[in-house]
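Engineer: would you be able to build a 3D model of this:
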Amino acid sequence: MMNHSARFKLLALLTGITVSLATCLFLFTSADISRGEAGQSAAPKYVFIFLADGGGITHMEIVRMFNRHLYKEGLVIHDRIMKEGHVGLLTTHAADSLVTDSPAAGTALACGCKAKTGVVGMCEDGSVPKSVMELAKEKGMRIGLVTTATVYDASPAAFASHVSNRRLYGSIIDQYLKLEPDLLLGGGREQFLPRSQGGRRKDDSDMIASFKKKGYAYVSERQGLAQIKGGKLLGLFSLRDMSFELDRDKNTEPSLSEMTQAALRILPEGNRTGFVAFIENENTDSAGHMTDIASLIHAYREFDRAVGLAYEFYKKHPAETLLLVTSDHETGGLAFSGKPSFEDLKRIQSVRISLAKAAEILGQNPSAEAVDQLVAENFKGFVLQPELKESIIKKRTLGPPFTRNPTAAALSAMVASQTQAYWISSGHTNQPVFVAALGVGSERFRGYQDNTDFAKHLFALLDKKQ
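Structural biologist: Predicted structure coming up:
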């Protein structure tokens, strides 16, 4: 195991790497040739906002190399959106912290003002701004929220609600019902149902029934989602967050790309005024918090597949579509260091389950034999060092940068030491995030900007709609 001095040096090295990447991207975008003046942008009819929660520049680069060398595939975000459109960087700090959380960052992206950490859809001074989705609704556009998190999680909530604390789930859902988004897909069924029905809502309201009364179709499994044709739709596919892609039951739980397909089928149908669709993969952030590189890569690959579906839509409507891909913040400070080889990517590819699933399988009191069996079956090519095995059995945490869960921490440390893919944290960082923009008004998003400018550009574009 690393001593504190070695760990400090590693943190400094990785911080330098990520800052250098951000600087290179900024220099590249500064030299971008203008494809039109911002003031001349028309109003887009169709707007896609793709958000890889916790996704950083190095995350994307690792996935790009993973796709290229193991699958001979490209990455739509890099090969299409960035190369054909514009690229920029966004700051991420909150009103009260240099390191943001999802509520504050989501509020900046959705409402155009800085917020305090933990606060959703409310500015630093306590005022309640209009969100991008609320403006779109006023303009007669359809709106949709799609996420692999709970649908009332901070990022989607920032686009469609206003609460002083991100954990006021009941209020967020009540505001959704009042706003009536045309599409609401993700996890979180437990907060829609009262305790008498197996839920965790604090009152006796059956919010699924309330949505149905307002004309929503309701689905809870993948097959039902595939059969829905049009109209307003509520889809809740798990009690809490949806599964990591590595663990997902493909027979019952839809992927992000399948939920995106549903959005593309439902939102444009009979629609003359257009739509705004927010589509988030939360699992990129969850994997970062677990310091789980395999889960992060597979979540990001699925995110890119969803972006690819929107890109195909854009090709059919290039003069009417704006496609945005970004993040709210970076999680984990992940980067390769030393002299990793392409064989290290193959080792990561061999991982079959998430670290969270591994911890669930082993439980609270795993035997040495159970640990050996789990590693042999699900982490082929890896060797669990004796001290890490002991930390799992004796439930001894490793400390920063690893997660507090002893099993996940030990397995993460094993993967890191044998692939040279290291983390500087299991939390958020202050790194800027990229925004890739393609289509109508995309030139507004290039360069180095504050994250509040993201919403301001959308407000300006949508205000042009008659």
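
Engineer: who are the packing partners of the longest strand anywhere in the chain?
Structural biologist: The single longest strand within the chain, with elements called by DSSP state E, is strand 142-150. Here strand 142-150 touches helix 132-138, helix 154-160, strand 183-187, helix 256-266, strand 275-281, going by 3 or more Cβ pairs under 8 Å, 6 or more residues apart in numbering; DSSP states H and E. C-beta coordinates here come from the backbone N, C-alpha and C atoms, glycine included.

Engineer: these: which one's closest to residue 344?
Structural biologist: strand 275-281 (23.9 Å; Cβ to Cβ).

Engineer: tell me how far the very next helix or strand once past that closest one lies from the chain's centre.
Structural biologist: Once the chain leaves strand 275-281, the next helix or strand it forms, by DSSP states H and E, is helix 283-289. Going by Cα atoms, centre = their mean, to the nearest Å, the spacing between the C-alpha centre of helix 283-289 and its chain's C-alpha centre is 8 Å.

Engineer: format the CA atom coordinates belonging to helix 283-289 as PDB.
Structural biologist: Presented in PDB, the C-alpha positions along helix 283-289 are these (Å, rounded to 0.1, in the frame of the first residue of the first chain):
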ATOM      1  CA  ASN A 283     -24.100   6.200 -13.100                       C
ATOM      2  CA  THR A 284     -20.900   7.900 -14.300                       C
ATOM      3  CA  ASP A 285     -21.100   9.900 -11.100                       C
ATOM      4  CA  SER A 286     -22.000   6.900  -8.900                       C
ATOM      5  CA  ALA A 287     -19.100   4.900 -10.400                       C
ATOM      6  CA  GLY A 288     -16.800   7.800  -9.600                       C
ATOM      7  CA  HIS A 289     -17.900   7.900  -6.000                       C
END
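
Engineer: what's it packed up against?
Structural biologist: helix 293-316, strand 330-331.

Engineer: could you dump the ones you listed into a markdown table and include mean pLDDT and mean neighbour count?
Structural biologist: Listed next are the helices and strands packed on helix 283-289 as a markdown table, based on pLDDT from 0 to 100; neighbours: other Cβ atoms under 10 Å:
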| stretch | mean pLDDT | mean neighbour count |
| --- | --- | --- |
| helix 293-316 | 98 | 23 |
| strand 330-331 | 98 | 29 |
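
Engineer: so which residues of the stretch 351-466 of the chain form helices?
Structural biologist: Taking DSSP state H, counting those that start in this stretch as the criterion, the stretch 351-466 of the chain carries its helices at 355-362, 368-378, 386-393, 406-419, 451-462.

Engineer: list the buried ones in the last one?
Structural biologist: With burial defined by 16 or more other Cβ atoms under 10 Å, the residues of helix 451-462 counted as buried are 451-459, 461-462.

Engineer: OK, contacts around residue 233?
Structural biologist: 182-185, 216-219, 262, 266 (Cβ atoms under 8 Å, 6 or more residues apart in numbering).

Engineer: and it, how far from residue 185?
Structural biologist: 7 Å (Cβ to Cβ, to the nearest Å).

Engineer: mind pulling up the pLDDT for residue 26?
Structural biologist: Residue 26 carries a pLDDT value of 46.

Engineer: do the one 4 residues further on as well
Structural biologist: The predicted local distance difference test score for residue 30 is 41.

Engineer: over to residue 202?
Structural biologist: Note on residue 202: pLDDT of 89.

Engineer: re earlier: and the average pLDDT for the longest strand of the chain is what?
Structural biologist: Mean predicted confidence for strand 142-150 is 98.

Engineer: and it, which strands flank it?
Structural biologist: If you go by DSSP bridges, strand 142-150 pairs up with strand 183-187 (parallel), strand 275-281 (parallel).

Engineer: residues in contact with residue 150?
Structural biologist: The contact partners of residue 150, by Cβ under 8 Å, 6+ apart, come to 169, 186-188, 191, 240-241.

Engineer: make JSON lines out of those residues and add neighbour count.
Structural biologist: Output for the contacts of residue 150, formatted as JSON lines (neighbours: other Cβ atoms under 10 Å):
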{"residue": "169", "neighbour count": "22"}
{"residue": "186", "neighbour count": "26"}
{"residue": "187", "neighbour count": "24"}
{"residue": "188", "neighbour count": "25"}
{"residue": "191", "neighbour count": "21"}
{"residue": "240", "neighbour count": "13"}
{"residue": "241", "neighbour count": "17"}
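
Engineer: ok, those vs residue 119, which is closest?
Structural biologist: residue 169 (14.6 Å).

Engineer: kindly confirm whether my reading is correct that that closest one touches residue 153.
Structural biologist: No: with contact defined as Cβ atoms under 8 Å, residue 169 does not reach residue 153; the gap is 9.0 Å.

Engineer: mutual contacts of those two, please.
Structural biologist: residue 188.

Engineer: pick the most buried one from the helices and strands packed on strand 142-150.
Structural biologist: Highest mean neighbour count of the helices and strands packed on strand 142-150: helix 154-160, a mean of 29 (counted as mean count of other Cβ atoms under 10 Å).

Engineer: quick one: the very next helix or strand once past it to chain centroid distance?
Structural biologist: Where DSSP H and E defines the elements, the next helix or strand beyond helix 154-160 is helix 169-179. Computed by Cα atoms, centre = their mean, the separation of helix 169-179 from the middle of its chain amounts to 21 Å.
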